[in-house]
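Asks: next comes the sequence, and after it the predicted model I'd like to discuss.
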Amino acid sequence: MKKIFWLSLAVVLMAGCSDKNSLTIEGNISDAGNNKIFLYQMALSGDVLIDSLKVKSNGNFKFKLDALGEPAFFKLQLSPNSFITLLGDTTEHITVKGQKSSFAKNYAIEGSQGSANVKMLNGKIIALRTMVDSLTNIYNSLPDTEKEARAEAVSQELEAAIGEYKKWIGEFVLANTRSFASYYALFLTLSDNTPVMNIWDKNDQMYFAASGTSLNMFYPQAERVKQLCDMVLAVKAEQRKSAMLEKLTSEANSAIPEIKEKDVNGNEIALSSLHGKVVLLSFCATWDEASRQENRNLKRIYNKYRQRGFEIYQVYLERSKVLWESMLLQDEIPWISVTDLAYTNSYPARLYNVQKIPANYLISRDGDIIGKDLFNDMLDDKLRQLL
């Protein structure tokens, strides 16, 4: 009897230990007995079938997976049009209960806060889709003579509904930045697959950034986290570039972005002080061999045109003032050289959206940017035309 007791206890303990090292998805779907149920993992590249089984005659089913290294989205599917989305984490024991006839719309979740949040989010977006589709259909069914009169009212109603939804989503994301549910919330769409949250909208962008930053702290290797962070960085970079180009364009006929930095003697020199001359605004670094080679080429051009009203205002991306001064002496640089000692975070370089060095802008006597990244013969030819 003692042997049987200890054997039974060992089996129970082993089962308990096994559960601690696995993710379980089980439940009951009434009226689905002997139907096949499929479990997919939802990857960025598409859904991947993990397992399938027959639902028992009493409606029960159970999937058991290895413990997850990071949260993952799953699709539990009875048919292509009847499925639910789950968000599993590590060793959760997720329980799903529902009916075959309304499985995709009406089900209960236990044991997974992430999956419960996904269900709530789906309910929110479905309500918004229903409202937007209804208003759109009503408007489209109106006679053309009435559409113009109704257009503004319909537009305001749609804008108010979407605005309220976006406010709710923003609050949800900020309250759940550590959860992949925040990621899920950001990518929900209307019926025509139009995203509701717009990463290009700076009001919405803060929520993408908050979710990406937080998730990256905990799951830096996760595919979805990398995707989200890359999106935020790419959009911000493009917006900075567009803003810079717009600034350069709008100011081209008046004053280009001003630079005031110190030379080796500590004297602050403004770019605008050279107004009336043809100026090459150059960006380089003493630690960059390509920059130093370009400076050797520039000497010939500078000596050729300096007496005709040509000047070079060169911004260095440096960290060490001592090394910078030493290299200037060694390379015998004769033109204006300045730096803010901020290395690749140099403010002038960011102001002019410098992506690589060497780089330059050619500025006319009137202060207009008339060329970019002109080197060697191209620069010589342009200066010969101007001077």
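Replies: Nice, thanks for sending it over.

Asks: what's the closest non-adjacent residue to Ser115?
Replies: Leu86 (4.5 Å; CB to CB, 6 or more residues apart in numbering). To be clear about C-beta, it is placed using only N, CA and C from the backbone, and glycine gets the same treatment.

Asks: check which helix or strand covers the one you found.
Replies: strand 82-88 (DSSP states H and E).

Asks: specify the local secondary structure of the residue nearest the centre of the chain.
Replies: What sits nearest the mean C-alpha location of the chain, by CA atoms, centre = their mean, is Val232, with 1.9 Å. Look at Val232: counting by DSSP: H, G, I helix; E, B strand; the rest coil, its state is helix.

Asks: what score does it have for pLDDT?
Replies: In this model, Val232 is scored at 93, pLDDT.

Asks: for it, list the residues it contacts.
Replies: Each residue near Val232 by CB atoms under 8 Å, 6 or more residues apart in numbering is listed here: 199, 205, 208-209, 212.

Asks: was I right about the residue nearest to Ser115 contacting Phe73?
Replies: Yes - using CB atoms under 8 Å, Leu86 makes contact with Phe73 at a distance of 7.1 Å.

Asks: which one's more surrounded, the two?
Replies: The neighbour comparison of Leu86 against Phe73 (other CB atoms under 10 Å) goes to Leu86, with 24 against 21.

Asks: who does that one bridge with?
Replies: Counting by DSSP bridges, Leu86 is bridged to Phe74.

Asks: again, but for Leu281
Replies: Beta bridges link Leu281 to Tyr313, Tyr361, judged by DSSP bridges.

Asks: in which helix or strand would I find the residue nearest to Gly170 when sequence neighbours are not counted?
Replies: With CB to CB, 6+ apart as the criterion, Gly170 has its nearest non-adjacent residue at 5.1 Å, and that residue is Tyr207. Following DSSP H and E, one finds Tyr207 within helix 202-218.

Asks: mind listing what's buried in that helix?
Replies: 204-205, 207-212, 214-216 (16 or more other CB atoms under 10 Å).

Asks: re the thing from before, with distance to Leu186 and pLDDT added, can I get the contacts of Val232 in a markdown table?
Replies: Below are the contacts of Val232 laid out as a markdown table (distance: CB to CB, whole Å; pLDDT from 0 to 100):
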| residue | distance to Leu186 | pLDDT |
| --- | --- | --- |
| Ile199 | 8 | 92 |
| Gln205 | 10 | 93 |
| Phe208 | 6 | 96 |
| Ala209 | 10 | 95 |
| Gly212 | 9 | 94 |
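
Asks: which element is Ile126 on?
Replies: Using DSSP H and E, the element containing Ile126 is helix 113-141.

Asks: got the angle between the very next helix or strand once past that helix and helix 113-141?
Replies: Using DSSP H and E, the next helix or strand after helix 113-141 towards the C-terminus is helix 144-175. Put simply, helix 144-175 runs at 170 degrees to helix 113-141, going by axes from the mean of the first three to the mean of the last three CA atoms, to 10 degrees.
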